[in-house]
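Trainee: coordinates only, no sequence provided:
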């Protein structure tokens, strides 16, 4: 085999190696996207669950058992969160919607178990509850209003992006 | 033909064979991945569609356009087990987008593995959705499609957030929220691989209908 033929062979092998590497890179990227989607689905389910758990509770600590007729009677902005006697470790004992504000800086840890195995996936959630303006729910109000917004952010080491979901919960009662 | 020429031909044949093997292997992997990815996509889509439908239906537990017909929220769930639930609701239609004011019955339940012996997956079951149970059961029209559901678990919680472990025989059951666990697998996975890694899981903790209680 002459030098020219050797060069051609080496070039061909190089091209083949590059093609294989590109194809493998494509497979790995798609694989990674699929796994991301799986974590996304579980994260969305947990975020929805947290929102559902929150909105089944009364609107405010002051409306738990009694009606209020003025927003000023509601919990003050600075006091949104758990009340005395409640613990962030016992979310089942929360008595109102804004108690979930206790996870504002220290995340809530959730696990999803794979049935039939001992495997679990860990998720962390940061939750924030604010009063929002009636005219624009995206604007946080500095005074109590009849509308509260819960913002849930779910993240996990396996997830590239943070899942963020929110909803507005309004107070209403029959007069 | 000289000895060196013979060596050249032999060498070329070996190298060509190796290249062919690499190409065949690459092609095989591409085909396998194509099936796996499309299967995964279908599974994820199935799961999302199931969850969308269930969430929509479950949110309307105890809803009726004519509220006087379902005035007692504690009686709207007629039956509840870990994989079956029957409740009262009001179906909407294009003519009555908020419901027709007639109380309907909706049942969700998981079929048996033996119902789906044709699919290669040994774990999949049909998730049935039964509208107005008595009428349809008598005419044998249980509706369901095979979307690869392998798990459909319902856990019930009372108003204080505690799990209901022993259910009364008849309503009221005291259910204030429901935890829904669903797992979906590919009904016909590539290479018959139904390991746990191929399962897509949704966990809906404490789905709470607005109509469960008066407050």
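Mentor: Arrived safely, thanks for sending. None of the values given here were measured: they were computed from a predicted structure. Numbers count the residues shown, from 1 in each chain, chains lettered A, B, ... in the order given.

Trainee: and the helix or strand of chain A with the lowest mean pLDDT, how far from the chain's centre?
Mentor: One helix or strand of chain A scores below all others by mean pLDDT, DSSP states H and E: strand A:108-113, with a mean of 85. Mean-position distance between strand A:108-113 and its chain equals 12 Å (CA atoms, centre = their mean, to the nearest Å).

Trainee: give me phi/psi at the closest residue to residue A:58 other than its chain neighbours?
Mentor: Spatial nearest neighbour of residue A:58, chain neighbours left out: residue A:64 (4.3 Å); criterion: CB to CB, 6 or more residues apart in numbering or on different chains. To be clear about C-beta, it is placed using only N, CA and C from the backbone, and glycine gets the same treatment. The phi/psi pair for residue A:64 (degrees, to the nearest 10) reads phi -80, psi 90.

Trainee: same thing with the one 3 residues further on?
Mentor: Dihedral angles phi and psi of residue A:67 (degrees, to the nearest 10) take the values phi -90, psi 150.

Trainee: any part of stretch A:82-92 near chain B?
Mentor: Yes: interface with chain B: stretch A:82-92 contributes residue A:92 (CB under 8 Å from any CB of the partner chain).

Trainee: between strand A:108-113 and the strand ranked longest in chain A, find me the angle.
Mentor: When chain A is parsed with DSSP state E, its longest strand is strand A:120-131. On the basis of axes from the mean of the first three to the mean of the last three CA atoms, to 10 degrees, strand A:120-131 is oriented at 140 degrees to strand A:108-113.

Trainee: point out where the chain drops to low pLDDT.
Mentor: By default, I'm working from chain A. A:1, A:115-116, A:173-175 (pLDDT under 70).

Trainee: my bad, chain B
Mentor: B:1, B:133-142, B:205-206, B:208-215.

Trainee: mind checking the longest strand of it?
Mentor: Longest strand in chain B by number of residues, with DSSP E as the criterion: strand B:143-157.

Trainee: show me what that strand is packed against.
Mentor: helix B:3-59, strand B:77-81, strand B:104-110, strand B:125-131, strand B:177-184 (3 or more CB pairs under 8 Å, 6 or more residues apart in numbering or on different chains; DSSP states H and E).

Trainee: residue A:34 touches residue B:38, doesn't it?
Mentor: No: using CB atoms under 8 Å, residue A:34 makes no contact with residue B:38, being 10.6 Å away.

Trainee: between those two, who's got more neighbours?
Mentor: More neighbours surround residue A:34 than the other of residue A:34 and residue B:38, with 16 against 12 (other CB atoms under 10 Å in any protein chain shown).

Trainee: am I right that the more buried one falls within a helix?
Mentor: Yes: assessed by DSSP: H, G, I helix; E, B strand; the rest coil, residue A:34 belongs to a helix.

Trainee: got a list of what it touches?
Mentor: Counting by CB atoms under 8 Å, 6 or more residues apart in numbering or on different chains, residue A:34 touches B:37, B:40-41.

Trainee: cool, and residue B:147?
Mentor: By CB under 8 Å, 6+ apart, the contact set of residue B:147 is B:46-47, B:49-50, B:127, B:184.

Trainee: quick one: which helix or strand includes residue A:18?
Mentor: Taking DSSP states H and E as the criterion, residue A:18 maps to helix A:3-55.

Trainee: again with residue B:92
Mentor: Per DSSP H and E, there is no helix or strand for residue B:92.

Trainee: not counting sequence-adjacent ones, nearest residue to it?
Mentor: Closest residue to residue B:92 apart from its sequence neighbours, by CB to CB, 6+ apart: residue B:99 at 5.3 Å.

Trainee: and the gap between that neighbour and residue B:109?
Mentor: For residue B:99, the distance to residue B:109 equals 23 Å [CB to CB, to the nearest Å].

Trainee: hmm, back to that, what about the least confident helix or strand of chain A and chain B, any contact?
Mentor: Yes: contact of strand A:108-113 with chain B (CB under 8 Å from any CB) involves residue A:112.

Trainee: which residues of chain A lie near chain B?
Mentor: With CB under 8 Å from any CB as the criterion, chain A meets chain B at residues A:1, A:9, A:16, A:20, A:23, A:27, A:30-31, A:34, A:37-38, A:41-42, A:45-46, A:48-50, A:52-53, A:55-56, A:58, A:92-93, A:112, A:114-117, A:119.

Trainee: from chain A, how far out is residue B:21?
Mentor: According to CB to the nearest CB, to the nearest Å, residue B:21 and chain A sit 12 Å apart.

Trainee: check residue B:156 too.
Mentor: To chain A, residue B:156 is 13 Å away according to CB to the nearest CB.

Trainee: do the same with residue B:179
Mentor: Distance from residue B:179 to chain A, by CB to the nearest CB: 8 Å.

Trainee: could you do residue B:164 as well?
Mentor: Using CB to the nearest CB, one gets 13 Å for the distance from residue B:164 to chain A.

Trainee: now that residue: closest residue in space that isn't a chain neighbour?
Mentor: Nearest in space to residue B:164, with sequence neighbours left out and distances taken as CB to CB, 6+ apart, is residue B:156 at 4.4 Å.

Trainee: same question, residue B:58
Mentor: Distances taken as CB to CB, 6+ apart put residue B:207 closest to residue B:58, at 5.5 Å, once the chain neighbours are dropped.

Trainee: equivalent analysis for residue B:91, please.
Mentor: Closest to residue B:91 by CB to CB, 6+ apart is residue B:104, at 4.9 Å.

Trainee: dump the residue contacts of that neighbour.
Mentor: B:88-91, B:131-132.

Trainee: which bits of chain B sit near chain A?
Mentor: Within chain B, the positions near chain A by CB under 8 Å from any CB are B:8, B:11, B:15, B:19, B:22, B:26, B:29-30, B:33, B:37, B:40-41, B:44, B:47-48, B:51, B:151, B:160-162, B:176-177, B:181, B:183, B:196, B:199-208, B:212, B:215.
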